[in-house]
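Trainee: build me a structure from this.
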Amino acid sequence: MLSTTFGAAVFGVNATLITVEVSILKGGFGLNVVGLPDNAVRESLQRIDAALKNGGFEQSRYKTVINLAPADLRKEGTAYDLPIALCLLASSQEYTRNLSDYVILGELALDGKLRPIKGVLPIAIEARAQKLKGFILPKENALEASIVNQLDIIGVDTLEEAVEFLTGNKDIEPLVTDTREIFYHTVNDYEADFSHVQGQENIKRALEIAAAGGHNAIMIGPPGAGKTMLAKRLPSILPPLTLSEALETTKIHSVAGKLDKRSTLISKRPFRQPHHTISDAALVGGGSFPQPGEISLAHNGVLFLDELPEFKRTVLEVMRQPLEERKVTISRTRLAVEFPASFMLIASMNPCPCGYYNHPDKECSCAPGTVQKYLNKVSGPLLDRIDLHVEVTPVSFDQISSSRKSETSEEIRERVVKARKIQEIRFQDHPGIHCNALMPPEMVKEICQIGEPGKLLLKRAMEKIGLSARAYDRILKVSRTIADLAESEEIRIEHLAEAIQYRSLDRENWAG
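Mentor: Residues are numbered from 1 along each chain as shown. Coordinates of the predicted model:
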């Protein structure tokens, strides 16, 4: 007897359907699984055997072959427990529903209960694309899968419940979720707001420019000046996620197993803050079976690196390519997977090891040359990819105790959204470019044109202040964003002047 259903394997952020075939052959004994299974799949035979016995199900005593096709793709994980078990039971149970109409996944406990799995959303999308009728899976994952419409999402708690559904002894209503209503209801629901921040108007302005143009930024200042607090509020002024962006972001978090059991679609831009002890693979992704790293989990959102010089240099250097290409490619012997990584990099750092270099009140205790050595921990090529260098100064008592109301994130976001719409129109004929920060050098020359007074100002800045040549394009991009915020078609001299002041680390002798 042969029974067939579908499972799935996830590669990168996309799923591939796996055909699960179980053949019971007379004339022999034993249970074998073939089709490049890993150890977790091989061990599933023991879990399935215990779950069937504890559930009171009859098992075939004949030779049984389990095939996971295509046989040249490696299968890993515990999600094949449920489809294999249901196919094994097809010999003793009379199913009224066709197994091959469904994709079935779930990990079995020894008592037959189902445990949740990872990567449910891309699997549901692929099942719908392949025109399958439904998806049978653990109930804890059902809410996530219900994002996908035109697919019957059947959530079950146990193996017995799945059998009762397939035999027709129990009807389970497919879970339906109004994704759009949930998405638009929560899309602007941020707890942290810029109205909670007293003072630091110049830093708020810099972050508004960064949000409007998609620019990377670094904040340099003493401990307790508010760098982390300001960075955490940046997502609240970014343009709201579109539905397609939300779906793409949710897929990545689903594959990584980072979705909350009670959530469906990620409706707010992600904010990731890895610790400085993070490894290369944890940041960019990797492993024998590649998983997304922090930079992919920050896709369409913000990656915040607090105390940037404390990160290992090798960890920082692996970010250079993703910052340019907006994606991560991880190659292995048998496969290469690609994860999206379009994020805004926001970093913060102390100006020196003691933290008080250039402090208005406290004296720096670092030895001569220590400040420059500390700054040199961050390589030039990485700084080259950061458009805004912002010096953060401590907030005075008068500012902290002031009762004056600060501008809300919603008010700032309105200006950011207007600037982004201008950029959308500007780059509508250039796929892959949606904000000023993504402009290649040849496009900068075309779009960021300045008059003779502006050229003279830039020349003086490079000669007198000691700005590097690499700062030239960055200044033009930032000045274009400032002009967009001002709804100006031309880059005026005041826009250039403001952009120049955001190149602190390019100044000669900045660190003494």
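
Trainee: what segments of the stretch 201-350 of the chain are strands?
Mentor: 217-220, 271-272, 285-286, 291-292, 302-305, 327-331, 336-340, 344-349 (DSSP state E, counting those that start in this stretch).

Trainee: okay, the ones you listed in a markdown table with distance to Gly12, mean pLDDT and mean neighbour count next?
Mentor: From N, CA and C alone the C-beta is placed, and that goes for glycine too. Below are the strands of the stretch 201-350 of the chain laid out as a markdown table (distance: least, Cβ to Cβ, whole Å; pLDDT from 0 to 100; neighbours: other Cβ atoms under 10 Å):
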| stretch | distance to Gly12 | mean pLDDT | mean neighbour count |
| --- | --- | --- | --- |
| strand 217-220 | 29 | 94 | 24 |
| strand 271-272 | 19 | 96 | 20 |
| strand 285-286 | 9 | 87 | 22 |
| strand 291-292 | 8 | 91 | 24 |
| strand 302-305 | 19 | 96 | 24 |
| strand 327-331 | 8 | 88 | 17 |
| strand 336-340 | 4 | 89 | 19 |
| strand 344-349 | 22 | 95 | 24 |
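
Trainee: need these in TSV (columns: distance to Ala162).
Mentor: TSV is the format used below for the strands of the stretch 201-350 of the chain (distance: least, Cβ to Cβ, whole Å):
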stretch	distance to Ala162
strand 217-220	51
strand 271-272	36
strand 285-286	33
strand 291-292	28
strand 302-305	40
strand 327-331	34
strand 336-340	31
strand 344-349	44
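
Trainee: check contacts around His434.
Mentor: Gly214, Arg420, Gln423, Glu424, Phe427 (Cβ atoms under 8 Å, 6 or more residues apart in numbering).

Trainee: are we agreed that the fourth one is in a helix?
Mentor: Yes: under the criterion used here (DSSP: H, G, I helix; E, B strand; the rest coil), Glu424 sits inside a helix.

Trainee: that one: neighbour count?
Mentor: For Glu424, the count of nearby residues is 12 (other Cβ atoms under 10 Å).

Trainee: would you mind measuring from it to Gly369?
Mentor: As judged by Cβ to Cβ, to the nearest Å, Glu424 and Gly369 stand 48 Å apart.

Trainee: what about the closest residue to Pro322 other than its chain neighbours, how many neighbours?
Mentor: Nearest-residue entry for Pro322: Ala341, 4.4 Å, with adjacent residues in sequence omitted and distances by Cβ to Cβ, 6 or more residues apart in numbering. In terms of burial, Ala341 registers 27 neighbours under the definition other Cβ under 10 Å.

Trainee: touching, Ala341 and Ile295? I think so.
Mentor: Yes: assessed by Cβ atoms under 8 Å, Ala341 is found in contact with Ile295 at 4.6 Å.

Trainee: spell out which residues are contacts of both of these two.
Mentor: Contact with both Ala341 and Ile295 is made by residues Val284, Pro322, Val328, according to Cβ under 8 Å, 6+ apart.

Trainee: which one of the residues you listed is nearest Ile447?
Mentor: For Ile447, the closest of the shared contacts of Ala341 and Ile295 turns out to be Pro322, at 24.4 Å, with distances computed as Cβ to Cβ.

Trainee: stretch 389-405: which residues count as buried?
Mentor: His389, Val390, Glu391, Val392, Thr393, Pro394, Val395 (16 or more other Cβ atoms under 10 Å).

Trainee: right, and the helix or strand after the helix or strand hosting Glu414?
Mentor: Assigning secondary structure by DSSP states H and E places Glu414 in helix 409-426. For helix 409-426, the succeeding helix or strand toward the C-terminus, using DSSP H and E, is helix 441-447.

Trainee: what packs against that next one?
Mentor: Of the remaining helices and strands, those touching helix 441-447 by 3 or more Cβ pairs under 8 Å, 6 or more residues apart in numbering; DSSP states H and E are helix 471-485.

Trainee: and the very next helix or strand once past the helix it packs on, how far out from the chain middle?
Mentor: The element immediately downstream of helix 471-485 (helix or strand, assigned by DSSP H and E) is helix 493-500. Relative to the centre of its chain, helix 493-500 is centred 33 Å away, using Cα atoms, centre = their mean, to the nearest Å.

Trainee: against which helices or strands is helix 493-500 packed?
Mentor: Right, helix 493-500 is packed against helix 452-460, helix 471-485 by 3+ Cβ pairs under 8 Å, 6+ apart.

Trainee: hmm, try it at 10 Å
Mentor: Counting by 3 or more Cβ pairs under 10 Å, 6 or more residues apart in numbering; DSSP states H and E, the packing neighbours recorded for helix 493-500 are helix 201-213, helix 452-460, helix 471-485.

Trainee: export the shortest one to CSV, keeping only CA atoms.
Mentor: The one in question is helix 452-460. As requested, the backbone C-alpha atoms of helix 452-460 are provided in CSV (Å, rounded to 0.1, in the frame of the first residue of the first chain):
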residue,chain,number,x,y,z
GLU,A,452,28.9,77.7,-8.1
PRO,A,453,28.4,79.0,-4.5
GLY,A,454,27.7,75.5,-3.3
LYS,A,455,30.8,74.2,-5.1
LEU,A,456,32.9,76.9,-3.5
LEU,A,457,31.5,76.0,0.0
LEU,A,458,32.3,72.3,-0.5
LYS,A,459,35.8,73.2,-1.7
ARG,A,460,36.5,75.3,1.4
